[in-house]
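Participant: Here is my input, please return the structure:
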Amino acid sequence: MELEQAVEEIARQHKVVLGKDDPILMLVTMQKMLLQESQNAQKQALDDFRFSLERTMKNWHSQSKSQAEKIINASIVAAKNAIAAGAAAGIGEGSQTLAQAVETVSKQLEKQTQKIISQNRIMMASAGFLILLALIISFVR
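Facilitator: Take a look at the predicted model:
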């Protein structure tokens with residue numbers, strides 16, 4: 001609040017006219033100074049609180065990240081151990097299943113190979129017959 005505004009407000013509310021040199025106007029100046037000091041102190045307190053809060057949040061973030069990494073690493077180790085234990089327990093069973101699958105695939109491949117060999121023999125015989133026929137035709141002419 002400015003001095004002129006204070007003089008006008010006092011005149012309006014209290015019906016008293018103050019001069020610019022009236023000592024009571026020192027209170028307006030003092031109040032402005034105190035309000036400014038209070039505002040600066042509150043701003044500093046707020047800045048300090050913000051800094052402290054940000055530092056605390058960063059610490060929490062670091063701690064939670066560290067904890068999450070520990071949990072993930074422990075989970076990975078536990079999963080690897082469980083897989084290894086399961087593999088060790090089921091290796092006999094798994095190898096039998098694998099051997100059966102390999103045998104089945106081998107039999108299927110053998111059948112396909114035999115089929116291809118038979119088809120190749122028929123094609124070779126047909127090609128030989130066609131060559132012989134072509135020779136006979138060329139000699140007959």
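
Participant: Give me the mean pLDDT for the host helix or strand of residue 46.
Facilitator: Residue 46 is part of helix 26-140, with elements assigned from DSSP states H and E. Helix 26-140 shows a mean pLDDT of 77.

Participant: for that helix, packing partners?
Facilitator: Judged by 3 or more C-beta pairs under 8 Å, 6 or more residues apart in numbering; DSSP states H and E, helix 26-140 is in contact with helix 3-14. The C-beta positions use only the backbone N, C-alpha and C, and glycine is treated the same way.

Participant: how far off helix 26-140 does the helix it packs on point, in degrees?
Facilitator: Using axes from the mean of the first three to the mean of the last three C-alpha atoms, to 10 degrees, the inter-axis angle of helix 3-14 relative to helix 26-140 is 120 degrees.

Participant: buried ones in helix 3-14?
Facilitator: Under the neighbour-count criterion of 16 or more other C-beta atoms under 10 Å, helix 3-14 has 6, 7, 10 buried.

Participant: Residue 19 versus the last one, what's the distance?
Facilitator: In this structure, residue 10 and residue 19 are 11 Å apart, going by C-beta to C-beta, to the nearest Å.

Participant: Same question for the second one.
Facilitator: In this structure, residue 7 and residue 19 are 8 Å apart, going by C-beta to C-beta.
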